[in-house]
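Novice: Structure here, sequence nowhere to be found:
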DNA sequence: CTATGGCACGGATT
DNA sequence: AATCCGTGCCATAG
């Protein structure tokens, strides 16, 4: 008897493991879809929408985290818990990073561009150019199809095309294009140095624009059959050197501090913030749940089981097993995520609070031994997850394991504060003085990753302070 | 001649 | 086993 039970349990155990692994590498959004699919397919599974704390299952009055769970363990520096708040899709540009619309007065912009084009425009093209510039929206895009414009201004289609080309190449580059993608492409054509990074960037914009917006670099690398590192470099290049909304560009003295991440599609899977208790030393880490509510095996289904007709009994049993397995796997996933985050936030506290420079070197293998799981488990737990930091930034969880981030951050600062463009070799020695030993070639790579142009091309950029001359 | 990017290699990481 | 990362070497642009 026992033998039989044992044998029937063994495949269950491996199934358990396999499914836990499969669930572990899903992001919150993916997990939500997965759960919904399971709910639809399996009547034995039930979603209880009652608001309870996912940690202790005590009822919650409002939507806030369970305070008994969030507040216990006063002495620790971080509290990690599963949050009853759900992470769903969010509006394109709602909270988080307020996008300040800096409405460049359309007239000024138009005048500025017209001035530049004066030399290249045939006299009879001037009204056409003016018409186009006046039709741009706040972002600098042209919503009207060329044909309509040609009709309205009594010009030819080719004429419109020619003027559009000129406008797109004028000072805020990318004006008059159909959208962010086209604007970026137009700007890309103007980059002085056409190297591999630029051509990858171009392909990324052309073929995998959606993935780029979602930061799915791995998928892009796969689709384009390019090294992942090159994809990252190209993405960084786009981010720092191009502007998806041409009319919002400041070509003034102040860099563009508000451009970094205008495209945020999701809430993070995890959010770390300051604990609301009086001292602000304690961090609070919420692991968002994918759905509002919690899953369990439907008790009614279980009760009904003995009454099942013989031909259904088999099916029902199977569904029941499947449902309880699924619930267990989810619990396991939660457990692993919680332990992982405990290690991460306590080990990388400085990084979270003070920025990239303070990321300590950390490997997945070390974390794995620390929490006593296989390293591939850690790998899965970390992948495809994003985490929101107290300062509002949303970064991939995998960045906690980026070995070169702190050095790259330092290089960025060196370049930002340099009085004259420093060569890579000079940067090497500056870093050396600070005790950071890296090869010249490595500095070049990091520079590329950050989208920083080489010293020679860093000269007089961004000095167009005012449109007037 | 100098600064920099491409390629490729070996060791570490996943 | 596959992939990533730091580096050295070499070609090339300026």
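Specialist: Here it is on my side, so go on. Small disclaimer: the values here were computed from a predicted structure and weren't measured. Residues are numbered from 1 along each chain as shown, chains lettered A, B, ... in the order given.

Novice: And the helices in the stretch 351-469 of chain A?
Specialist: For the stretch 351-469 of chain A, the helices defined by DSSP state H, counting those that start in this stretch occupy A:364-371, A:375-382, A:405-417, A:424-433, A:440-449.

Novice: Show me what the third one packs onto, helices and strands only.
Specialist: Read it as helix A:405-417. helix A:424-433, helix A:440-449 (3 or more CB pairs under 8 Å, 6 or more residues apart in numbering; DSSP states H and E). Any C-beta I mention is one placed from the backbone N, CA and C, and that applies to glycine too.

Novice: Which residues belonging to stretch A:27-43 are considered buried?
Specialist: By 16 or more other CB atoms under 10 Å, the buried positions in stretch A:27-43 come out as A:27, A:28, A:29, A:31, A:32, A:34, A:35, A:38, A:39, A:42.

Novice: how many neighbours does the nearest residue to the first one once chain neighbours are set aside have?
Specialist: Nearest in space to residue A:27, with sequence neighbours left out and distances taken as CB to CB, 6 or more residues apart in numbering, is residue A:384 at 4.3 Å. Applying the criterion other CB atoms under 10 Å, we find 20 residues in the vicinity of residue A:384.

Novice: what's residue A:384 in contact with, if anything?
Specialist: Shown in contact with residue A:384 (CB atoms under 8 Å, 6 or more residues apart in numbering): A:25, A:26, A:27, A:30.

Novice: Can you pull the phi/psi pair for it?
Specialist: Main-chain torsions, residue A:384, degrees, to the nearest 10: phi 60, psi 20.

Novice: ok, now residue A:150?
Specialist: Backbone geometry at residue A:150, expressed as degrees, to the nearest 10, gives phi -60, psi -40.

Novice: now swap in residue A:84 and tell me
Specialist: Per degrees, to the nearest 10, the backbone of residue A:84 is at phi -70, psi -10.

Novice: For the residue in the stretch 151-300 of chain A that DNA strand B sits nearest to, give its distance to residue A:187.
Specialist: Residue nearest to DNA strand B within the stretch 151-300 of chain A (CB to the nearest atom of the strand): residue A:196, separated by 3.2 Å. Applying CB to CB, to the nearest Å, the value for residue A:196 to residue A:187 is 18 Å.

Novice: So which of those two has more stuff around it?
Specialist: The residue with more neighbours, out of residue A:196 and residue A:187, is residue A:187; 23 against 12, by other CB under 10 Å.

Novice: returning to that earlier point: okay, the helices of the stretch 351-469 of chain A in CSV with mean neighbour count next?
Specialist: Output for these, formatted as CSV (neighbours: other CB atoms under 10 Å):
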stretch, mean neighbour count
helix A:364-371, 16
helix A:375-382, 20
helix A:405-417, 17
helix A:424-433, 15
helix A:440-449, 18
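
Novice: Local confidence estimate at residue A:144?
Specialist: On pLDDT, residue A:144 comes in at 80.

Novice: Please apply the same query to residue A:76.
Specialist: Note on residue A:76: pLDDT of 65.

Novice: now swap in the one 4 residues further on and tell me
Specialist: According to the prediction, residue A:80 has pLDDT 81.

Novice: For the residue in the stretch 51-200 of chain A positioned nearest to DNA strand C, which three-state class applies?
Specialist: Taking CB to the nearest atom of the strand, DNA strand C has its nearest neighbour within the stretch 51-200 of chain A at residue A:193, 7.7 Å off. Recorded secondary structure, residue A:193: coil (DSSP: H, G, I helix; E, B strand; the rest coil).

Novice: Test my guess that it contacts residue A:448.
Specialist: No - with contact defined as CB atoms under 8 Å, residue A:193 does not reach residue A:448; the gap is 11.4 Å.

Novice: what sits against the residue of the stretch 51-200 of chain A closest to DNA strand C?
Specialist: So residue A:193 contacts A:453, A:454, A:457 (CB under 8 Å, 6+ apart).

Novice: Excluding chain neighbours, what is closest to whatever residue of the stretch 151-300 of chain A ends up closest to DNA strand C?
Specialist: Going by CB to the nearest atom of the strand, DNA strand C is nearest to residue A:228 of the stretch 151-300 of chain A, at 3.7 Å. Counting by CB to CB, 6+ apart, residue A:228 lies nearest to residue A:221, which is 4.2 Å off, once chain neighbours are set aside.

Novice: May I have the phi/psi pair for the one you found?
Specialist: Dihedral angles for residue A:221 - degrees, to the nearest 10 - are phi -60, psi -40.
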